[in-house]
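> What follows is a predicted structure for the sequence shown.
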Number of protein chains: 2
Amino acid sequence: MRRKILLTGDRPTGPLHLGHYVGSLKNRIAMQGETDLYVMIADAQAITDNFKDIQKVRTNILEVACDYLAVGLDPEKCHIFIQSCLSELPELTMYFLNLVSIQQIGHNPTVKAECKMRGFDESVPAGFYLYPIFQVADILAFQADIVPVGPDQTPMLELTRDVARKFNDLYKTKLFPTPQGVYPKMEKVLAGFDGQKMSKSLGNAIYLSDPETEVIKKVKKMKSDETRGSIKDPGDPEKAIAFSYLDSFDPDHSFVANLKEKYKEGGLPDSVIKERLIEVLLAFLKPIREKREVFHKDPEAVFSILERGTEKAKEKASQTLAQVKEAMGIRYSFIYK
Amino acid sequence: MRRKILLTGDRPTGPLHLGHYVGSLKNRIAMQGETDLYVMIADAQAITDNFKDIQKVRTNILEVACDYLAVGLDPEKCHIFIQSCLSELPELTMYFLNLVSIQQIGHNPTVKAECKMRGFDESVPAGFYLYPIFQVADILAFQADIVPVGPDQTPMLELTRDVARKFNDLYKTKLFPTPQGVYPKMEKVLAGFDGQKMSKSLGNAIYLSDPETEVIKKVKKMKSDETRGSIKDPGDPEKAIAFSYLDSFDPDHSFVANLKEKYKEGGLPDSVIKERLIEVLLAFLKPIREKREVFHKDPEAVFSILERGTEKAKEKASQTLAQVKEAMGIRYSFIYK
């Protein structure tokens, strides 16, 4: 049996944070080596809503790549690549656009929500509106079996499966597997330190690259169970953000369970939990930050890793494109020797 | 001053007819050598509404290429190329999609009309809906100064000019000229032999490849001035389709003028006009048909011409793409040496 192919990635619009680690990076590290893992730095997609500030996207390619390498993605075991360097992706998109209706793309609730969030209601840039179909091409270019997705990406995954089936049916081929989504376990979705969804734009995230003082400051700001009147009252660990971080990062699970019991009983100050969390996070982040600094000081080395990954990814995508053209009957032998 | 760049082309969905000759081929032949002329066989665009019958598109690439060569397009003086072989075109499209809104594309009256004509009202394939923006990329990929267009293509040309200006403004470059449209003179738009608009789908066209018997049959079917009761009555040359063909193809203009006078006076049978037209058309088409047969019997030679043209076109398009990426700041030097 052939190894499963897995596509995943991030938009280079800012450095990665602990939410990325828990929600996806950790899984990638576990799966690298066992699967054919392609990790895409999605600059072309990031440009669809940053076309007026491309410098931001450009700068963050290095930041995201350093995060990947620092956290343990191993270029010997996975292919980290830059999306915009693969002309095969928009070319495949062009052919897949024939298999979906413009109405079908417009009905995507994620796109609708994101358009609203960005105030695009009146006039949506076409590139942004169409990005789900570009994502379909990203996934199918690698003939991915597995795609890690968030719950809000279900419509995009369904679109991908639909296009894969339509293409196979119409052009009488078995080229595309219908990819399976892998969802992160819900208890692992970390909130921001203010209790809201963790996001770059809300500025409530702890970054993999944050200096120690910053980590300490952010942990101290973490929301506690605000319903309890004083330290002596019983608290609900579910309502204290710091506990969810301890669940993810404290290697000593029984210690955390013990702390939670004490919190429920009452009498445990939040500062104790936070001090434990600071200790745990600093220990977790220290080797990452140190490794990251080494890479960050040597961008040439990072770029050379990206170059190799991009070459590998291009190899696979161009093979797929050739198969797509072959199946459609437009791989003209007099042009492609 | 640099030579003007001109982009033109045809969808390979059927062989070319006399309407193509009068409306565009004749102009191209006049302009080849004096301009940098790129002639695109638009297979990818043809696929947007023939994705279920790609064989038709594939077959007609050879037919259209033979028509081009037979009629006098000279591969030493122009570049005949196959659209789908240029990955640069969808790649440029991807970036231009960021500069237009999905609403702006939807407002294109030509797209609206064509969607209606094809019964796409309820569910328009996205590829078809978006083809104006792919056309924008076709034109801008060659940094064309001049684009021969029909009156129904004005909105597409305006979109191109808009994208060119927006790109130049946003990325602070002078890369794209705002292309000028060249419209065929209206008296030269040939009707089909039934008096309706000449079109492949209506089957009312005389093809460059029609055998003599077919030409004779079609001329004999041509609509005359049906308002006149008998041959003795005066006729209106404007209402007799054969005259418009004589205007375009009879080298003896005073002879035609004379015939028209007689037609107006009355007493001139339509058969006389049609016999003259048959004589003129057979003389015009004979060398074309003969040359066409030579090419058609040697597809390898034709394909090798297409291959050379495609290489040249790819050279220009990939230069433009590099300039586009440079201007946007995404031409990563560590990938593109």
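Received the coordinates, thanks.
> Name the residues of stretch A:236-253 that are buried.
Residues of stretch A:236-253 classed as buried: A:237, A:239-250 (neighbour count, 16 or more other C-beta atoms under 10 Å in any protein chain shown). Glycine gets a C-beta too; all of them are placed from N, C-alpha and C.
> Same check on stretch A:100-107?
Quick answer for stretch A:100-107 (16+ other C-beta under 10 Å): A:100, A:101, A:102, A:104, A:105.
> Now tell me what touches that stretch from outside.
A:111-112, A:129-130, A:132-133, A:159, A:162-163, B:102, B:106, B:122-126, B:129-130 (C-beta atoms under 8 Å, 6 or more residues apart in numbering or on different chains).
> CA-only coordinates of that stretch in CSV, if you can.
What follows is stretch A:100-107 as a C-alpha-only set of coordinates in CSV (Å, rounded to 0.1, in the frame of the first residue of the first chain):
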residue,chain,number,x,y,z
VAL,A,100,-18.3,24.1,-10.4
SER,A,101,-20.9,26.8,-10.8
ILE,A,102,-20.2,30.4,-9.7
GLN,A,103,-23.4,30.0,-7.6
GLN,A,104,-21.9,27.0,-5.8
ILE,A,105,-18.8,28.9,-4.8
GLY,A,106,-20.9,31.9,-3.7
HIS,A,107,-22.9,29.6,-1.4
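> pLDDT of it, averaged?
Regarding stretch A:100-107, the rounded mean pLDDT is 87.
> thinking again about what came up before, tell me the buried residues within the contacts of stretch A:100-107.
A:111-112, A:129-130, A:132-133, A:159, A:163, B:102, B:124-126, B:129-130.
> Format the residues you listed as CSV; extra columns: distance to residue B:183 and secondary structure.
Converted to CSV, the buried ones among the contacts of stretch A:100-107 look like this (distance: C-beta to C-beta, whole Å; DSSP: H, G, I helix; E, B strand; the rest coil):
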residue, distance to residue B:183, secondary structure
A:111, 38, helix
A:112, 41, helix
A:129, 32, helix
A:130, 32, coil
A:132, 38, helix
A:133, 34, helix
A:159, 41, helix
A:163, 39, helix
B:102, 29, helix
B:124, 28, coil
B:125, 29, strand
B:126, 30, helix
B:129, 25, helix
B:130, 25, coil
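> Now for those residues: which two are most distant?
For the buried ones among the contacts of stretch A:100-107, with distances taken as C-beta to C-beta, the pair at the greatest spread is A:112 and B:125 (20.9 Å).
> How about the contacts made by the closest residue to chain B within the stretch 101-250 of chain A?
Using C-beta to the nearest C-beta, residue A:127 is the residue of the stretch 101-250 of chain A that sits closest to chain B, at 3.7 Å. The neighbourhood of residue A:127, defined by C-beta under 8 Å, 6+ apart, consists of A:47, A:48, A:51, B:94, B:95, B:97, B:98.
> Can you show me the helices along the stretch 151-300 of chain A?
Along the stretch 151-300 of chain A, the segments classed as helices by DSSP state H, counting those that start in this stretch run A:154-170, A:212-220, A:241-249, A:253-265, A:270-296, A:299-328.
> Output stretch A:49-60 as PDB, nothing but the C-alphas.
Extracted C-alpha coordinates of stretch A:49-60, given in PDB (Å, rounded to 0.1, in the frame of the first residue of the first chain):
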ATOM      1  CA  ASP A  49      -6.800  39.800   1.000                       C
ATOM      2  CA  ASN A  50      -3.400  41.500   1.300                       C
ATOM      3  CA  PHE A  51      -2.800  42.600  -2.300                       C
ATOM      4  CA  LYS A  52      -2.200  46.100  -1.100                       C
ATOM      5  CA  ASP A  53       0.400  45.100   1.500                       C
ATOM      6  CA  ILE A  54       2.400  42.300  -0.100                       C
ATOM      7  CA  GLN A  55       5.400  43.200   2.000                       C
ATOM      8  CA  LYS A  56       3.700  41.700   5.000                       C
ATOM      9  CA  VAL A  57       3.200  38.400   3.200                       C
ATOM     10  CA  ARG A  58       6.700  38.400   1.900                       C
ATOM     11  CA  THR A  59       8.300  39.100   5.300                       C
ATOM     12  CA  ASN A  60       6.200  36.400   7.000                       C
END
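> and that stretch, which residues are buried?
Neighbour-count burial for stretch A:49-60 [16+ other C-beta under 10 Å]: A:49, A:50, A:51, A:54, A:57, A:58, A:60.
> so of the residues you listed, which ones are in helices?
A:54, A:57, A:58, A:60 (DSSP state H).
> Residue A:192 reaches residue A:201, doesn't it?
No: contact criterion C-beta atoms under 8 Å: residue A:192 and residue A:201 do not qualify, at 10.6 Å.
> and these two? which has more neighbours close in?
Ranked by neighbour count (other C-beta atoms under 10 Å in any protein chain shown), residue A:192 and residue A:201 place residue A:192 first, with 22 against 9.
> what is the rounded mean pLDDT of stretch A:257-277?
Computed over stretch A:257-277, the average pLDDT equals 95.
> next one: stretch A:319-330
Rounded mean pLDDT across stretch A:319-330 is 97.
> How about residues contacting it?
Residues external to stretch A:319-330 that are found in contact with it (C-beta under 8 Å, 6+ apart): A:88, A:91-92, A:95, A:140-143, A:167, A:171-173, A:175, A:331, A:336, B:43, B:47, B:54-55, B:57-58, B:84.
> 7 Å instead?
Residues outside stretch A:319-330 that contact it (C-beta atoms under 7 Å, 6 or more residues apart in numbering or on different chains): A:88, A:91-92, A:95, A:141, A:143, A:171, A:173, A:175, A:331, B:43, B:54-55, B:58, B:84.
> One more: stretch A:164-175?
Here stretch A:164-175 has contacts from A:99, A:140, A:176, A:178, A:323, A:327, A:328, B:52, using C-beta under 7 Å, 6+ apart.
> Between the residues you listed, which sits nearest residue B:36?
Nearest to residue B:36, judged by C-beta to C-beta, of the contacts of stretch A:164-175 is residue A:328 at 30.9 Å.
> What about that closest one, how many residues nearby?
20.
> Any regions of the stretch 151-300 of chain A where pLDDT drops low?
A:185-188 (pLDDT under 70).
> So which bits of it are right by chain B?
residue A:170 (C-beta under 7 Å from any C-beta of the partner chain).
> Can you say which helix or strand has residue A:113 in it?
Secondary-structure assignment from DSSP states H and E places residue A:113 in helix A:109-117.
> Outside of that helix itself, list whatever touches it.
Contact partners of helix A:109-117, identified using C-beta under 7 Å, 6+ apart, comprise A:121, A:124, A:129, A:132, A:152, A:153, A:155, A:156.
> any chance of those residues in TSV, with distance to residue A:220 too?
Shown next, in TSV, are those (distance: C-beta to C-beta, whole Å):
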residue	distance to residue A:220
A:121	39
A:124	41
A:129	42
A:132	40
A:152	31
A:153	34
A:155	39
A:156	38
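> and which of those residues is nearest residue A:277?
Of all the contacts of helix A:109-117, residue A:152 has the smallest distance to residue A:277: 28.1 Å, by C-beta to C-beta.
> what about that closest one, neighbour count?
So residue A:152, with other C-beta under 10 Å, has 11 neighbours.
> Next: residue A:73.
Other residues close to residue A:73 by other C-beta under 10 Å number 21.
> again with the one 10 residues further on
Using other C-beta under 10 Å, residue A:83 is surrounded by 23 other residues.
> Also residue A:229?
7.
> got it, and residue A:254?
Neighbours of residue A:254 using other C-beta under 10 Å come to 8.
> Could you measure from it over to residue B:230?
Relative to residue B:230, residue A:254 is positioned 111 Å away (C-beta to C-beta, to the nearest Å).
> same question, residue A:145
In terms of C-beta to C-beta, residue A:145 sits 78 Å off from residue B:230.
> So the two - more neighbours on which side?
With neighbours defined as other C-beta under 10 Å, residue A:145 and residue B:230 compare such that residue A:145 has more, 18 against 8.
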